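Novice: Fold the following, please.
(4 chains)
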There are 2 protein chains.
Amino acid sequence: MEKAPYHHGDLRNALLDAARRIVERDGAEAVSLRSLAEDLGVSRGAPYRHFPDRDTLLAEVAAAGFEEHAAAYQGFLDTVMDPRERMALTTRFYLDYGARKPGLHRLMFESDLLARNPPPAVLIPPADRSYRLLVDIVRQAFPDESEDAVLARTITAISTTIGFLTLRGAGRFKAFMRGGLSDADIDAAVIAAVAGR
Amino acid sequence: MEKAPYHHGDLRNALLDAARRIVERDGAEAVSLRSLAEDLGVSRGAPYRHFPDRDTLLAEVAAAGFEEHAAAYQGFLDTVMDPRERMALTTRFYLDYGARKPGLHRLMFESDLLARNPPPAVLIPPADRSYRLLVDIVRQAFPDESEDAVLARTITAISTTIGFLTLRGAGRFKAFMRGGLSDADIDAAVIAAVAGR
DNA sequence: CCTCAATGTTGTCTGCGCTTACATTGCCTC
DNA sequence: GAGGCAATGTAAGCGCAGACAACATTGAGG
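Specialist: Numbering: from 1, shown residues only, chains lettered A, B, ... in the order given. Coordinates of the predicted model:
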């Protein structure tokens, strides 16, 4: 018969994993250090040994999200040869990811973690990496455009994609559905607007 | 010497006004019924006489926001004659509004109030009205397009606009600023992407 | 073996949403 | 006017959460 050891063993990573699962499903608001501790069979003060506060934990979850997110469409650079098709696939990947993990998506793209002064240090490298990757993909899809135009296009492209997910998540498109447009139609319209101009 | 009357007089509207001010400046998360009650000099239970819960109050604040928002660019339909220019002005109005009242903007376009089942009844008419107005503006700016195309374009247009505000608010464009693009350049790029295709 | 740093526990404070039981007020009717 | 009643406000309390401080336990290195 196993008796529970005084020390958890790897509480830090266990907290990150558990928080991540909750964020993916129910959003960052649903994460509570207390209930996390309870789930992991540990006292409510224990998490503070590993994270000074709740936001620091969430920042690490978001950082891991950016890593995973960027790594996934990094692959398109190697496997998909046509630059325009690559851009369309990247957009579709964003849409799928946002639909599959809405809470994590919100934490990454809507929370004000990166707007803090200063932003959490763990968050900056993966966020920058993801941003640079995206600019590369846009640049190769529109090779004739100036660098400023490419940057501007990257901004509008990601704005369209993220905004669409935000608004759909907020239920603002329910009214549009009565207009005979299917989900697939709308997805296609977004992808066309981003990649097809 | 005035003694405080037992009844506030118009607590309901006082709550709405106070909540609105806090939402505009600091976001809906900063609204607490307790501190609202304290500010207005009533007991902490008093607000519950007027709103069954916090979300109901926030829904009314959002509804008022949609009214004001739509009324403002309703004016463009009457005063601005060129349909494309009208569309550009509407976009600029969205951008200004989001920059001026970020918290209210988030409550209106990012919160999940409208995604509930059922959504708060007070919210549906103003949200629908705002949506129809927007479709009208897009339809007149692109009169040759099919109705489905107009709907799709409305969706991508508002997605671009709201997404841009969301991402800028989330600090995700800080990295882009180092690329030599000014705020005005980026605003212009968004407006061009929405209205100028 | 002993010490110490890392890690986990317990108790406490504050603030919040929400509910229940009770108090005050003003209006409406007779 | 007096009585009654609905609207409105107060007071107290529950459960949950974040954060901190004081204390306990453990294991690794000197």
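Novice: Helix or strand with the lowest mean pLDDT in chain A?
Specialist: None of the helices or strands of chain A scores lower by mean pLDDT, DSSP states H and E than helix A:174-177, at a mean of 77.
Novice: So for that one, what gets flagged as buried?
Specialist: The neighbour-count check on helix A:174-177 (16 or more other Cβ atoms under 10 Å in any protein chain shown) flags A:K174, A:A175, A:F176 as buried. For every residue, glycine as well, the C-beta is placed using N, CA and C.
Novice: repeat for stretch A:59-74
Specialist: Within stretch A:59-74, the residues that count as buried by 16+ other Cβ under 10 Å are A:A59, A:E60, A:V61, A:A62, A:A63, A:A64, A:G65, A:F66, A:H69, A:A70, A:Y73.
Novice: Also stretch A:105-114?
Specialist: For stretch A:105-114, the buried set under the neighbour-count rule, 16+ other Cβ under 10 Å, comprises A:H105, A:R106, A:L107, A:M108, A:F109, A:E110, A:S111, A:L113, A:L114.
Novice: cool, stretch A:85-102 as well?
Specialist: For stretch A:85-102, by 16+ other Cβ under 10 Å, it's A:86-95, A:97-98, A:101-102.
Novice: Can you name the residues of chain A sitting close to DNA strand D?
Specialist: Neighbours of DNA strand D within chain A, by Cβ under 7 Å from any atom of the strand: A:5-7, A:31-35, A:44-45, A:48, A:52-55.
Novice: Is the lengthiest helix in chain A positioned near chain B?
Specialist: Using DSSP state H, we find that the single longest helix of chain A is helix A:54-79. No: counting by Cβ under 8 Å from any Cβ of the partner chain, chain B has no neighbours in helix A:54-79; the shortest distance is 10.5 Å.
Novice: tell me the mean pLDDT for the following helix or strand past that helix?
Specialist: Downstream of helix A:54-79, the first helix or strand assigned by DSSP states H and E is helix A:83-100. Per-residue pLDDT values over helix A:83-100 give a mean of 96.
Novice: is helix A:83-100 anywhere near chain B?
Specialist: No: looking at helix A:83-100 against chain B by Cβ under 8 Å from any Cβ, there are no contacts, and the closest approach is 10.9 Å.
Novice: Which SSE is immediately downstream of that helix?
Specialist: In N-to-C order, the element after helix A:83-100 by DSSP H and E is helix A:102-109.
Novice: Understood, closing this out.
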